[in-house]
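Participant: Would you be able to build a 3D model of this:
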Amino acid sequence: MLYDIWTVFWRDWLVLKRRIGRFILSRMVSPILYLVAFGWGLGRSIQVNQGSYLDFIVPGIIALNSMNISFNSVGSPLNMSRVYHKTLEEYLIAPISSISFVIGKVASGALRGLLSSLIIILLAFAFGAHALINIWFAIALVLNCLVFASMGLVAAMVMNTHEDMANFNTYVLLPMSFLCATFFIPDHLPTVLRWLVEFLPLTHASHALRGIVSGGETPVFSLLIMAAYIAAFCGIGVWLMEKVRE
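Facilitator: Numbers count the residues shown, from 1 in each chain. Take a look at the predicted model:
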């Protein structure tokens, strides 16, 4: 099983390895714009929790970016493979189990999310941000990447057109990008909306990363919620792969 997982992961790593330069450069554009606009432009004049807005927003940017990269690294290519290129059949006829395929794909998507997050961390320090980076920060970041890589796999297996994938981004990822404690604390949202936002995985990622970098208590509850999302999405992904095999 481990060899099968490594085979799926290694194939995606070879693709990334050939494009690593373009991948790194393209992943620097959005973070730099966020850091310039909210860090230098807005952040210098605003204090949040006795610190600068730049320090407040960096964990949110990391959570947001790792969500988008991890999701799209799995969702878009797999959807194109399944619906248009029909190359998913190569995995279906290969002696690779559904769970090995799911874990391999999710791991490869999470790797891309981690690489892009490392770029943001380095840029944030270059911009003057202050953050406590420790093992709990790494765990929270890995969990967030795994959550959205597995969500991307489920979406790719359910959506039947490229337009449907774009709509999923618009109706699911875009609202989370702005509401899930990335740019502001959602305490002043209407009650029902706040409850909904607190249920979403990106909110727990933002809370966890922000709490850790500020030196607060380890957000064990948020980490457990993200782990539960990973288990649920991966379980659904395996079930969907088994249905395709039938």
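
Participant: show me the residues around the residue nearest in space to the middle of the chain that make contact.
Facilitator: Using C-alpha atoms, centre = their mean, the residue of the chain that lies closest to the mean C-alpha position is Met67, 2.3 Å off. Contact analysis of Met67 by C-beta atoms under 8 Å, 6 or more residues apart in numbering lists 113, 144, 147-148, 173, 176-177, 202, 205. (Glycine included, C-beta is placed from N, CA and C.)

Participant: Which helix or which strand is home to it?
Facilitator: helix 53-80 (DSSP states H and E).

Participant: Just the buried ones from the contacts of Met67?
Facilitator: 113, 144, 147-148, 173, 176-177, 202, 205 (16 or more other C-beta atoms under 10 Å).

Participant: So which of those residues are in helices?
Facilitator: Here DSSP state H is the test, and those give 113, 144, 147-148, 176-177, 202, 205 as lying in helices.

Participant: Those residues into TSV, with extra columns for distance to Ile133 and pLDDT?
Facilitator: Below are those laid out as TSV (distance: C-beta to C-beta, whole Å; pLDDT from 0 to 100):
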residue	distance to Ile133	pLDDT
Gly113	16	92
Asn144	15	97
Val147	20	97
Phe148	21	96
Met176	24	93
Ser177	23	90
Leu202	20	95
Ala205	15	95
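
Participant: Throw those into a markdown table and include distance to His85, thanks.
Facilitator: Shown next, in a markdown table, are those (distance: C-beta to C-beta, whole Å):
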| residue | distance to His85 |
| --- | --- |
| Gly113 | 23 |
| Asn144 | 29 |
| Val147 | 26 |
| Phe148 | 23 |
| Met176 | 29 |
| Ser177 | 29 |
| Leu202 | 30 |
| Ala205 | 32 |
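
Participant: closest to Ala228 among those residues?
Facilitator: Val147 (9.5 Å; C-beta to C-beta).

Participant: who's in contact with the closest one?
Facilitator: Val147 sits next to 67, 70, 201, 205, 226, 229-230, 233 when contact means C-beta under 8 Å, 6+ apart.

Participant: for Leu240, same thing?
Facilitator: Contact analysis of Leu240 by C-beta under 8 Å, 6+ apart lists 154, 157-158.

Participant: quick one: what helix or strand has it in it?
Facilitator: With DSSP H and E as criterion, Leu240 is part of helix 220-245.

Participant: For that helix, what is the distance to the chain centroid?
Facilitator: Computed by C-alpha atoms, centre = their mean, to the nearest Å, the chain-centroid distance of helix 220-245 equals 14 Å.

Participant: go on, stretch 87-98?
Facilitator: In terms of C-alpha atoms, centre = their mean, the centre of stretch 87-98 is found 25 Å from the chain centre.

Participant: Then stretch 160-172?
Facilitator: On C-alpha atoms, centre = their mean, the centre of stretch 160-172 falls 17 Å from the chain's centre.

Participant: With that, I have no additional questions.
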